[in-house]
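> sequence-free structure coming up:
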């Protein structure tokens, strides 16, 4: 029944959601603000973001949810993609986020103005998004650009469900890449086929040039705990804020499997290898 209700929320035809069209337009491009046509990922889940940044739209009969907003410069193309799919921007009711860095949260204020949607965020993200207070322990603090401030309508905790009609997402606090990182999981259906989708936040150990992860063992331990948490999630389809991090273009094109029950574990394992290499390099 839920699958049928979600499909009823879709336009009768969505020819713009074309993987080939996105591949052509994004050939040689992966910029945060490079416009890209929308693409359907599975069922009621679309990527309406840019060539280099994932912005998800989850469509439902009682309104839609958007996760992340890329940059402020990207918002006109994001709003255009919503319309291109046959949806109305004002039917986006909730805005969610992965983390507060400008490449994912920079467009939240403009997208809220364009849709009227309510933003829900973690307490840690609220400090940045609403009050402009960058976390003191963010490894990228010294190189972060400010994001436009956005009022937060509700604060989310770990494991909290977020519902909009038949859409039900679960919030997962996943700090590490950023202290306010959050991942999301939910079930989406295409006809009678249902899959567990995970939008797993970035897990990479990125920092300013002066920052050494080896000097912050507690932060490294938190990142490792988050990596293990993502690896343990039930996960048929893994999606990531940077599409290249989970080979989204290749998977949507059919060159790699879109559905992979090992996807979250593989994503986490790759993050562990990169973190281990970073720590070894810092010791040299």
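Cool, got the structure. Owing to the predicted nature of the structure, the values given are computational and were not obtained by experimental measurement. Residues are numbered from 1 along each chain as shown.
> how about the helices in this structure?
2-8, 19-25, 75-84, 102-105, 108-115, 123-129, 217-231, 248-252, 263-283 (DSSP state H).
> for those, which one sits closest to residue 162?
Evaluated with CB to CB, the helices of the chain place helix 123-129 nearest to residue 162, the distance being 14.0 Å. From N, CA and C alone the C-beta is placed, and that goes for glycine too.
> for the closest one, which positions count as buried?
Neighbour counts over helix 123-129 (16 or more other CB atoms under 10 Å) mark 124, 125, 126, 127, 128, 129 as buried.
> if I pick the fifth one, what's in contact with it?
Going back to what we said before, that points to residue 128. By CB atoms under 8 Å, 6 or more residues apart in numbering, the contact set of residue 128 is 100, 105, 134, 135, 147, 180.
> which one of the residues you listed is nearest to residue 162?
The shortest gap between residue 162 and any of these belongs to residue 180, at 16.4 Å (CB to CB).
> my read: that closest one touches residue 99, true?
Yes - the pair formed by residue 180 and residue 99 meets the contact definition of CB atoms under 8 Å, at 5.5 Å.
> which among the helices of the chain is found nearest to residue 95?
Nearest of the helices of the chain to residue 95, taken as CB to CB: helix 108-115 at 6.1 Å.
> just give the closest residue to residue 206, not the sequence neighbours.
The shortest distance from residue 206 to any non-neighbouring residue, by CB to CB, 6 or more residues apart in numbering, is to residue 140 (6.1 Å).
> repeat for residue 244
Distance criterion CB to CB, 6+ apart; nearest residue to residue 244, sequence neighbours excluded, is residue 30 at 6.5 Å.
> just the pLDDT at that neighbour, thanks.
For residue 30, the pLDDT comes out at 94.
> ok, now residue 235?
The model reports residue 235 with a pLDDT of 97.
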